[in-house]
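**Student:** Next comes the sequence, and after it the predicted model I'd like to discuss.
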2 protein chains.
Amino acid sequence: MTESVDRQTAVLRLRGADDILILCHKNPDGDTVGSAGALYLALKQLGKNAAVLCSDPIPALYDYMKLRWYDGSFKPAFVVAVDVASIQLFGDRNDIPLYAEHTDLCIDHHATNSGYAYETLLDPGAAATCEFLLDVIVEMGVTITPEIANCLYTGIATDTGCFRFTNTTSRTHIAASRVMEAGADTEKLNERLFESRSHARLLAERMALESLEYFYDDRCALICLTWDQIRMSGVANAELEDLTSLPRSIEGVEVGLTFRQQPDGSFKISIRTAGAVNACNIARRLGGGGHARAAGCEISGNLDNAKHAVLEEVRKEFQRTGLLN
Amino acid sequence: MTESVDRQTAVLRLRGADDILILCHKNPDGDTVGSAGALYLALKQLGKNAAVLCSDPIPALYDYMKLRWYDGSFKPAFVVAVDVASIQLFGDRNDIPLYAEHTDLCIDHHATNSGYAYETLLDPGAAATCEFLLDVIVEMGVTITPEIANCLYTGIATDTGCFRFTNTTSRTHIAASRVMEAGADTEKLNERLFESRSHARLLAERMALESLEYFYDDRCALICLTWDQIRMSGVANAELEDLTSLPRSIEGVEVGLTFRQQPDGSFKISIRTAGAVNACNIARRLGGGGHARAAGCEISGNLDNAKHAVLEEVRKEFQRTGLLN
């Protein structure tokens, strides 16, 4: 089991370390990449040697973050994971399991953090890891440069759907205000992260809308993209991630399901819920996990069986909450 | 000409007044309604008699604001306009011109405010009138109740596209943080204001995506909905209005065109632009008008001719800006 540490201790560890390897979770999103980017730049500002590693490539969307990819040129003496809730979420490419198993410090905001690291700085009240990493970095004695501010804003804004999701708190807005004061170029970032949709993304959106189905008196909506469609459209994983909010955004829908077929034929399922319906309950019974409003799981087998299995768990969760008899 | 006043003076006027009529602008949006709702509740908390008037009905979307509609039951002794930039923007229904001409105090954030009121409290740096009305209300000695906070959050969030638009500043986030602390139910508000898309809207979106065409090296994107499609989908006008931002939001697109057929067969065309391309130049040459980034016109005749006419003007505007030979 991990040792829970407070911010001061985490800062001590980071200030005392060198040759630091920063690990992101697989299918990297804005918060894990933003956290890694901000922490890398902070450590660099303190004159330390550091680099970032991830099982998957960093999406081109985040190209503006000037992070250094770990190329094996130094032996990591300290491993820090950012925004990674469990050992499974590291993925298994790029030799990442070798390092992940010996994570010295994990900095995360997921209440479900499994405690895989030697020490963990957890803030489950934060909407994003970047939201409280700001305080960690300030306490490290680092000046928040515009570049660091851009990284932190990326994590805060992407994890909250640009301050729209229910995880957004007054603290989230304070953090956003502070990174803007520090020079985050939110005009460019918002345009890039939220306003700009690639041709491929639109194609995927069109296919998703064509696949839209409703269940349980329109309280559950489901979209599905097959691997052939994903491949054909050329849409990036991060853009697909964004699509997962679509079914839940439909009026009256309390459970939004997104099925994405993987190259091996299995389905990655994103569950988004509203009201009393718990997404994590549904995901857990299917071998997955996540948050109350956003969770996920993977199911192999054909689409009909996968749909049936998930819809059964949705029904049970509706029944638990008394929304369905 | 109006007298520019500071916050202290505006607060003095409001505290000294009674039988107060609060005026909104026509086609009321979240900021004018939110400002009116917050100010009404603040004046009521101070034991004053106040009511709200607008040329148009308050959209049902804002039903949660418990504002009192002016029914003529008292003779206004003090008229305050919120978020209204010029006398034309009051509209002319509900006898509003009678009162608007004698506006004692205007509280607004539009840099273009024409100065029609006797006194004006203007903060052009604020993203929304609600953003700085918060300070006015606090200085009036009013406690920001959750109901007032909901009104203020509505204005701040809607005028900034939920903190996405370029008018969002660090001050905007501070104001959002404060109204959340005061009890704004942002979970319900965001859901209501930003998350909810009707089945009809999704159907219209799907049809629009299916109609998507690119021109001029993908620098211009065009979507089109025929009257039959609009009628069949049952989508409301406000939801269609929202669709007009879609083509411009595509990566690399500098001119986004939305063609909506009217019941008489003619086409209403919305032009949205980015960069150096001027939407108003295009619209004006087709008998329409608008702003540099958003303009519109109407063209009768068949779709092919309408498309041809608009694309010709787009070409000329591209040429003017040197984007096309």
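**Tutor:** The structure has been received and is ready for your questions.
**Student:** Could you use CA atoms for every contact and neighbour count after this?
**Tutor:** Fine.
**Student:** show me what contacts A:Gly34?
**Tutor:** A:Gly34 is in contact with A:65, A:130, A:151-155, counting by C-alpha atoms under 8 Å, 6 or more residues apart in numbering or on different chains.
**Student:** Sorry, slip of the keys, the one I care about is A:Pro146.
**Tutor:** Contacts for A:Pro146 (C-alpha under 8 Å, 6+ apart) come out as A:179, A:182-185.
**Student:** Among the residues you listed, which are located in helices?
**Tutor:** Among the contacts of A:Pro146, the members found in helices (DSSP state H) are A:Val179.
**Student:** so who does A:Glu3 touch?
**Tutor:** A:115, A:118-120.
**Student:** pLDDT score assigned to it?
**Tutor:** With respect to pLDDT, A:Glu3 scores 94.
**Student:** Roughly how far does it sit from chain B?
**Tutor:** 32 Å (C-alpha to the nearest C-alpha, to the nearest Å).
**Student:** and chain A, which of its residues are near chain B?
**Tutor:** A:162-166, A:169-174, A:176-178, A:180-181, A:186-187, A:190, A:194-199, A:202-203, A:206, A:209-210, A:249-251 (C-alpha under 8 Å from any C-alpha of the partner chain).
**Student:** Let me know the secondary structure of A:Thr120.
**Tutor:** Taken by DSSP: H, G, I helix; E, B strand; the rest coil, the conformation at A:Thr120 corresponds to strand.
**Student:** related to what we said a few turns ago, from the contacts of A:Gly34, which one has the minimum pLDDT?
**Tutor:** Lowest in pLDDT among the contacts of A:Gly34 is A:Met65, which has 95.
**Student:** now for the helix or strand hosting A:Leu240, which elements pack on it?
**Tutor:** In the assignment (DSSP states H and E), A:Leu240 maps to helix A:237-243. Contacts defined by 3 or more C-alpha pairs under 8 Å, 6 or more residues apart in numbering or on different chains; DSSP states H and E place helix A:237-243 against helix A:199-210.
**Student:** Run through who's touching the helix or strand following the helix it packs on.
**Tutor:** Later in the chain than helix A:199-210, the nearest helix or strand by DSSP H and E is strand A:213-215. Defining contact as C-alpha under 8 Å, 6+ apart, one finds that strand A:213-215 is touched by A:220-223.
**Student:** make it 6 Å
**Tutor:** By C-alpha atoms under 6 Å, 6 or more residues apart in numbering or on different chains, the residues outside strand A:213-215 that reach it are A:220-222.
**Student:** so how far is A:Ile22 from A:Glu131?
**Tutor:** According to C-alpha to C-alpha, to the nearest Å, A:Glu131 and A:Ile22 sit 18 Å apart.
**Student:** I misspoke; the intended subject was A:Thr120.
**Tutor:** On the measure of C-alpha to C-alpha, A:Thr120 and A:Ile22 end up 14 Å apart.
**Student:** These two: which is more packed in?
**Tutor:** Counted by other C-alpha atoms under 10 Å in any protein chain shown, A:Thr120 and A:Ile22 do not tie: A:Ile22 has more neighbours, with 29 against 26.
**Student:** how far away is the more buried one from chain B?
**Tutor:** Counting by C-alpha to the nearest C-alpha, the separation of A:Ile22 from chain B is 30 Å.
**Student:** can you pull up the bridge partners for that residue?
**Tutor:** A:Val52, A:Val80 (DSSP bridges).
**Student:** Which pLDDT does the model give it?
**Tutor:** Value for A:Ile22, per-residue pLDDT: 98.
**Student:** who touches it in this structure?
**Tutor:** Counting by C-alpha under 6 Å, 6+ apart, A:Ile22 has contacts A:52, A:80-81.
**Student:** wait, doesn't A:Gly290 sit right on A:Asn281?
**Tutor:** No: look at A:Gly290 against A:Asn281 with C-alpha atoms under 6 Å: they stay out of range, at 8.9 Å.
**Student:** higher neighbour count, these two?
**Tutor:** Neighbours were counted for A:Gly290 and for A:Asn281 using other C-alpha under 10 Å; A:Gly290 has more, 23 against 19.
**Student:** Using CSV, list the CA coordinates for stretch A:257-275.
**Tutor:** C-alpha atoms of stretch A:257-275 as CSV (Å, rounded to 0.1, in the frame of the first residue of the first chain):
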residue,chain,number,x,y,z
LEU,A,257,-22.8,5.3,-24.0
THR,A,258,-20.1,5.5,-26.6
PHE,A,259,-18.8,2.2,-28.1
ARG,A,260,-15.5,2.4,-29.9
GLN,A,261,-14.2,-0.7,-31.5
GLN,A,262,-10.5,-1.4,-31.0
PRO,A,263,-8.1,-2.8,-33.7
ASP,A,264,-8.5,-6.3,-32.1
GLY,A,265,-12.3,-6.1,-32.5
SER,A,266,-13.1,-5.5,-28.8
PHE,A,267,-15.1,-2.5,-27.7
LYS,A,268,-14.0,0.3,-25.5
ILE,A,269,-17.1,1.7,-23.8
SER,A,270,-17.4,5.2,-22.3
ILE,A,271,-20.2,5.7,-19.8
ARG,A,272,-21.4,9.2,-19.0
THR,A,273,-24.2,9.8,-16.6
ALA,A,274,-26.4,12.5,-15.1
GLY,A,275,-28.5,12.8,-11.9
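**Student:** from the middle of its chain, how far away would that stretch be?
**Tutor:** 15 Å (C-alpha atoms, centre = their mean, to the nearest Å).
**Student:** List the buried residues of that stretch.
**Tutor:** Buried positions in stretch A:257-275, judged by neighbour count with 16 or more other C-alpha atoms under 10 Å in any protein chain shown: A:257-262, A:265-274.
**Student:** now what about it, what contacts it?
**Tutor:** For stretch A:257-275, the external contacting residues (C-alpha under 6 Å, 6+ apart) are A:222-227, A:244, A:254-256, A:279, A:293-300.
**Student:** got the CA coordinates for whichever helix or strand A:Lys307 is part of in PDB?
**Tutor:** Of the helices and strands defined by DSSP H and E, A:Lys307 is found in helix A:303-320. Extracted C-alpha coordinates of helix A:303-320, given in PDB (Å, rounded to 0.1, in the frame of the first residue of the first chain):
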ATOM      1  CA  LEU A 303     -21.300  -5.700 -31.000                       C
ATOM      2  CA  ASP A 304     -24.700  -7.100 -30.200                       C
ATOM      3  CA  ASN A 305     -23.400  -9.000 -27.200                       C
ATOM      4  CA  ALA A 306     -21.400  -6.100 -26.000                       C
ATOM      5  CA  LYS A 307     -24.500  -3.800 -26.300                       C
ATOM      6  CA  HIS A 308     -26.600  -6.300 -24.500                       C
ATOM      7  CA  ALA A 309     -24.200  -6.700 -21.600                       C
ATOM      8  CA  VAL A 310     -23.800  -3.000 -21.100                       C
ATOM      9  CA  LEU A 311     -27.600  -2.200 -21.500                       C
ATOM     10  CA  GLU A 312     -28.300  -4.900 -18.900                       C
ATOM     11  CA  GLU A 313     -26.100  -3.100 -16.400                       C
ATOM     12  CA  VAL A 314     -27.600   0.200 -17.300                       C
ATOM     13  CA  ARG A 315     -31.000  -1.300 -16.600                       C
ATOM     14  CA  LYS A 316     -29.900  -2.500 -13.200                       C
ATOM     15  CA  GLU A 317     -28.500   0.900 -12.300                       C
ATOM     16  CA  PHE A 318     -31.700   2.600 -13.400                       C
ATOM     17  CA  GLN A 319     -33.600   0.100 -11.200                       C
ATOM     18  CA  ARG A 320     -31.300   0.800  -8.200                       C
END
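**Student:** Now do it, average pLDDT.
**Tutor:** 95.
**Student:** Mind listing what's buried along that helix?
**Tutor:** A:303, A:306-307, A:310-311, A:313-318.
**Student:** Going by contacts, tell me the helices and strands next to that helix.
**Tutor:** Contact partners of helix A:303-320 among helices and strands, from 3 or more C-alpha pairs under 6 Å, 6 or more residues apart in numbering or on different chains; DSSP states H and E: none.
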